[in-house]
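>>> Here is my input, please return the structure:
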Amino acid sequence: MSGGPRGRLRADAIYLGWQQAAASAEPGPMPQPPAPAALDEVSPQWLAAQRREQALLSRPAWLAGAAGATVAAGGATAGLAAGFPGGLALLLVAGGAAVMGACARVLLRSERALRTGIRAEHERVEHVRAVQEAELAARREAHARSYRDWQQRDAAFRRQPQWYPVTLPAAVSRLDVAGGTLAGWSALLTMIAAPRLAAGGEVTVLDLTEGGVARDLLALATAQGLGPLTWVLPGDLPRLDLGVGFGPEALADVLALTSAAATVGEPGGAADPARDAALLGRILDVLGDRASLGRLVAALQALGQIGAPGQLSDGPLEPAELTALSATFGRGAGQLLVERAWALEARLRALTTLGTALTTAPPSRLRLAWPDRRGSAVGNRVLASYLVVGLTEALRQAPPGQPWQQTICVLGADRLPGDVLDRLSDAAETAGAGLVLAYRSVPAPVRERLGRGNAAVAFMRLGNADDAKAAADQIGTEHRFVISQLTDTIGVSVTDTAGDSYTSTVGVSDSVADSGSVTLTAGRSRGRGRSRPVTFAPFAEGSGTASRDASSSAAVSDSRSVTVGISESTSWGWSTSRAVGTSTSQAGTAQRSREFVVEQHELQHLPPTALVLCRSGRAGREVLLADANPAIMTLPTATLARPPDA
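Residues are numbered from 1 along each chain as shown. Just a heads-up that it's a prediction; the model follows:
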């Protein structure tokens, strides 16, 4: 992830996600440009009306002129006729002409008046248009100023922080996460662990889901040069140092509790950890300084009469040790001892190679361990139980530290018995370590433990209807939340799967990929040659050389590369970049999207990275909606400062 939010990480806070807070001084709607104004113009209807009126007014003059023209024409015609007095004809012509002239003057004055009126109207309209154009220009100038001001307010609004961190105080010792998808857990794990590592803390991740939830965190830590230590079990079991330094009594307790935890849910698998611990402790006392898990399993095989004592496959015992075991438990130990030895051997044999090939690796503040999902179901159950039980014993032996200086994340905790989780919680709280327990489902034993003690609870997507209903009852159906458009958009793009493309960094040459190859090459070469070159020169004596050479070489090389794993991917980081990059403005990606009420259906359809957090605040119990997408940290509107209302 590139870039970063404004502010600094707080070492006394545990970051869980981001909350969108309402920004102040919103710019409001964009100013609308002024509507185009209809400028005045001389109406054609008015001109037609003026001409009609002028025609009506000039009609008498036209009629009188026509009558005068008729009289003048009649007088002229009569004067040309014989017998009509010439003076009378001349008088008629003169009178008609006088009437015509008077009518012509009236018509000319009327036409001149009409033209003057039309010209005056044109001048008036031109004046009005000039005023209207000036007013329109003023309105446009005012709109341009208001639009520039709005742009400045909008830019300031978009630059101010809108995403604020959602945190837990260090006084809270545990976070219980109920529900969620693998992709959502991957985002939440990265969101929690990355700030803790940046603040100088230590993070231990036990991924019991076999789904590669820690892939994104591992990639981020590797890119930042943290050099994480990873163990893919059982392949890396010989290099796992968890429990190697335990004393005989502590080791017997851990192995007994591991076996008991692995038998939960199996028919007839009820075990008594106290009796198993006593049995294992006596065996370790017999083995003494040469005790190891392989020899311990061999002793269980001997007690359970599993195979011949001289043919034990997991660390043969010496005759003196077999004699000591027989003396300790007696030759007729009884059927109960044989059955317990069978049961313990069947489960603890998955741990026989523990710590048998320890290597010196540089210390790291990030440690990850998980069972490989290509392992056997029973073996993975034993390995998962041992990881948690062994870590619990290590915490019990560790001195108290600063709160959350060491953060432990157990993913898929619903696969473990309740008493194992209770002991882990108590040990983590005593040692001052922060604990994150993530449950895919919420059965009755898990429901009883959610939020117990000094813990906060986070609910993510709960696909099961009963789980969603129980979560809604615990959260409270009176709460209303708004899911950001960005959260909803990313939720559409992010897939529901996560991969486990990891690299084992504890060993020397082992790696985790999804291809396998074994090569064995051997070669041997032998050569024999003979040469006799002769060289001549024109002004020198002849010279010649002869040589015989024989050589042989043999080489055997053996290289072995074992690679296992799955390479899949989630894309919450890429999806966030796409959602921001394809938007027209940052304000568009941060606007409200939809409001929902806490109820069963809504909890079943939450976006993968959304979580509903129930925590203790200043005003008592607080319930809020957060987005665990760590890529929000790269947005320019994200800040590490406290929300305005915090």
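>>> quick one, strands of the stretch 1-150 of the chain?
13-20 (DSSP state E, counting those that start in this stretch).
>>> any low-confidence regions in it?
Applying pLDDT under 70 to the stretch 1-150 of the chain picks out residues 1-7, 22-26, 82-84, 86.
>>> what are the ranges of the helices in it?
44-80, 86-159 (DSSP state H, counting those that start in this stretch).
>>> Buried by neighbour count: which residues of the shortest one qualify?
Going by neighbour count (16 or more other CB atoms under 10 Å), the buried part of helix 44-80 is 54, 58, 61, 65, 68, 71-72, 75, 78-79. Backbone N, C-alpha and C define where each C-beta goes, glycine included.
>>> and what of stretch 191-204?
Quick answer for stretch 191-204 (16+ other CB under 10 Å): 191-197, 199, 201-204.
>>> next one: stretch 242-262
So, applying 16+ other CB under 10 Å, buried residues of stretch 242-262: 242-243, 246, 248, 250-262.
>>> Please convert the buried residues of helix 44-80 to CSV, extending it with distance to Val482.
As requested, the buried residues of helix 44-80 are exported to CSV (distance: CB to CB, whole Å):
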residue, distance to Val482
Gln54, 73
Ser58, 79
Ala61, 84
Gly65, 88
Gly68, 93
Val71, 98
Ala72, 98
Gly75, 103
Ala78, 107
Gly79, 108
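>>> now the helices of the stretch 1-150 of the chain in a markdown table, with distance to Ala170?
Converted to a markdown table, those look like this (distance: least, CB to CB, whole Å):
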| stretch | distance to Ala170 |
| --- | --- |
| helix 44-80 | 85 |
| helix 86-159 | 32 |
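>>> right, and those helices - which one's nearest Ser484?
The closest of these to Ser484 is helix 86-159. By CB to CB, the value is 14.9 Å.
>>> Now the element after that closest one, going C-ward?
Sequence-wise, the next helix or strand downstream of helix 86-159 (DSSP states H and E) is strand 163-169.
>>> That next one vs strand 13-20, what angle?
150 degrees (axes from the mean of the first three to the mean of the last three CA atoms, to 10 degrees).
>>> what angle separates the next helix or strand after strand 163-169 from strand 13-20?
Sequence-wise, the next helix or strand downstream of strand 163-169 (DSSP H and E) is strand 174-178. For strand 174-178 against strand 13-20, the angle by the same axes, to 10 degrees is 40 degrees.
>>> ok, then the element right after strand 174-178?
Counting by DSSP H and E, what follows strand 174-178 is helix 182-198.
>>> The helix or strand following that next one packs against which elements?
Toward the C-terminus, helix 182-198 is succeeded by strand 202-207 as the next helix or strand (DSSP H and E). Packing contacts for strand 202-207, counted by 3 or more CB pairs under 8 Å, 6 or more residues apart in numbering; DSSP states H and E, involve helix 182-198, strand 366-371, helix 377-397, strand 406-411.
>>> Distance-wise, check Leu233 relative to Leu251.
18 Å (CB to CB, to the nearest Å).
>>> coming back round to it: distance to Gly225 and pLDDT added to the buried residues of stretch 191-204, as TSV?
Listed next are those as TSV, based on distance: CB to CB, whole Å; pLDDT from 0 to 100:
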residue	distance to Gly225	pLDDT
Met191	20	94
Ile192	20	95
Ala193	16	95
Ala194	14	93
Pro195	17	92
Arg196	17	93
Leu197	11	93
Ala199	17	90
Gly201	17	93
Glu202	16	95
Val203	15	96
Thr204	19	96
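>>> From Leu416, how far off is Gln600?
Counting by CB to CB - Gln600 and Leu416 are separated by 27 Å.
>>> now swap in Val213 and tell me
16 Å.
>>> so what's the nearest residue to Leu114 once chain neighbours are set aside up against?
What sits nearest to Leu114 in space, not counting adjacent residues and going by CB to CB, 6 or more residues apart in numbering, is Gln54, at 4.7 Å. Contact analysis of Gln54 by CB atoms under 8 Å, 6 or more residues apart in numbering lists 110-111, 113-114.
>>> In ChimeraX, how would I select the buried members of those?
Here is the ChimeraX command that selects the buried residues among these (16+ other CB under 10 Å):
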select :114
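>>> just to revisit the earlier point, which one of Gln600 and Leu416 is surrounded by more residues?
When Gln600 is set against Leu416 and neighbours are counted by other CB atoms under 10 Å, the residue ahead is Leu416, at 26 against 18.
>>> Model confidence at that one, what's the number?
Leu416 carries a pLDDT value of 93.
>>> Same question for Gly310.
43.
>>> got the buried residues for stretch 11-20?
13-20.
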